[in-house]
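Novice: no sequence on hand, only this structure:
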Ligand SMILES: C[S@@+](CC[C@H](N)C(=O)[O-])C[C@H]1O[C@@H](n2cnc3c(N)ncnc32)[C@H](O)[C@@H]1O
């Protein structure tokens with residue numbers, strides 16, 4: 001497989017065809033970006049759309065999105081001169097814009113809004129995938145589409161459960177089927193799924209679906225399957241979700257907990273009522289609308305002050 005002469009002596013992550021018969025010097029994975037995006041369901045004609053490729057690395061999908069007609073921005077934390085992104089950009093005379101930075105810091109104010117966002121092979125590299133999805137939602141136009149791909153915890157969990165839980169009698173694929181329907185994510189602090197420190201959260205299909213729904217997406221369609229993105233070596237999650245026009249800013253809810261609107265514990269008014277709780281008068285108060293409580297209390301005080309005997313129906 002011939003390396004493109006302009007990339008001789010370099011090495012990178014993705015091996016993909018740059019010009020007919022000439023490839024990038026990738027050493028981790030060989031892919032056909034056109035085939036991968038077809039498999040993910042990305043339209044072949046993207047004329048007139050703005051697309052963002054988050055986690056672009058060496059650029060295979062950014063340049064394929066551009067070939068399909070989109071105006072493309074590539075976003076990654078990597079230096080595009082250290083990856084082969086800029087070198088391929090030059091070979092292809094591409095107009096893709098490269099923004100160096102984290103998805104966490106990506107805002108519509110700096111990057112604009114998009115009809116399509118590709119988020120492939122990234123969410124499980126993040127300790128805060130929900131924050132990333134919220135940021136992505138703000139970058140999408142209402143009705144825009146997120147194409148997402150990444151690792152799943154389902155098969156690892158099924159493996160662990162079949163070995164350790166006495167569920168071993170059940171077939172592993174049956175266990176996986178059940179696990180995948182639960183909104184679970186495996187935090188791989190020991191890096192057992194992929195033996196590298198940069199992999200964190202591994203969701204089930206139901207979990208990723210729930211995260212997307214909670215982050216301002218709807219019409220979520222995911223599947224757990226072997227795919228061209230990693231050359232069919234194991235099952236991963238892939239699919240699409242649409243930006244829900246009803247939830248254009250999932251970050252608008254600033255806190256994830258309710259804010260108290262008054263001090264906890266009984267109010268002065270509650271305390272007045274409490275003094276009578278358990279008494280017949282207390283029971284009478286509980287039948288009356290709150291607005292009448294002060295009047296009822298005034299009447300009780302008047303009765304108590306009177307020289308007549310305390311009415312039996314109000315005594316304890
Ligand atoms: C496994 S590679 C996936 C590359 C490509 N998208 C694919 O599917 O083959 C993960 C990419 O995510 C990028 N990445 C990791 N953390 C990121 C972050 N916080 N913001 C943006 N990109 C990030 C990495 O630099 C890397 O390029």
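Specialist: Arrived safely. Because the structure is predicted, anything quoted here is derived from the model rather than measured.
Novice: go through stretch 122-133 and flag the buried ones.
Specialist: Of the residues in stretch 122-133, 122-126, 129-130, 132-133 count as buried by neighbour count, 16 or more other CB atoms under 10 Å. In this view, the C-beta of every residue, glycine as well, is placed from N, C-alpha and C.
Novice: let's have these in CSV, adding pLDDT and distance to the ligand.
Specialist: Compiled in CSV, the buried residues of stretch 122-133 are given as follows (pLDDT from 0 to 100; distance: CB to the nearest ligand atom, whole Å):
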residue, pLDDT, distance to the ligand
122, 98, 4
123, 98, 9
124, 98, 9
125, 98, 5
126, 98, 6
129, 98, 10
130, 97, 13
132, 98, 7
133, 98, 12
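Novice: can I get these in TSV with secondary structure?
Specialist: Below are the buried residues of stretch 122-133 laid out as TSV (DSSP: H, G, I helix; E, B strand; the rest coil):
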residue	secondary structure
122	coil
123	helix
124	helix
125	helix
126	coil
129	helix
130	helix
132	helix
133	helix
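Novice: and which of the residues you listed is nearest residue 263?
Specialist: Closest approach to residue 263 among the buried residues of stretch 122-133 (CB to CB): residue 130, at 31.2 Å.
Novice: would you agree residue 144 is in contact with residue 116?
Specialist: Yes: Residue 144 lies in contact with residue 116 (CB atoms under 8 Å); the separation is 6.4 Å.
Novice: burial count for residue 264?
Specialist: 5 (other CB atoms under 10 Å).
Novice: how much space between it and the ligand?
Specialist: 39 Å (CB to the nearest ligand atom, to the nearest Å).
Novice: repeat for residue 248
Specialist: Here residue 248 is placed at a distance of 22 Å from the ligand (CB to the nearest ligand atom).
Novice: secondary structure class of the spatially closest residue to that residue that is not a sequence neighbour, three-state.
Specialist: Nearest non-adjacent residue to residue 248, counting by CB to CB, 6 or more residues apart in numbering: residue 142, 6.0 Å away. Here residue 142 is strand, with the state taken from three-state DSSP.
Novice: for residue 142, the count of nearby residues, please.
Specialist: Residue 142 has 14 neighbours, counted by other CB under 10 Å.
Novice: fine by me, thanks again.
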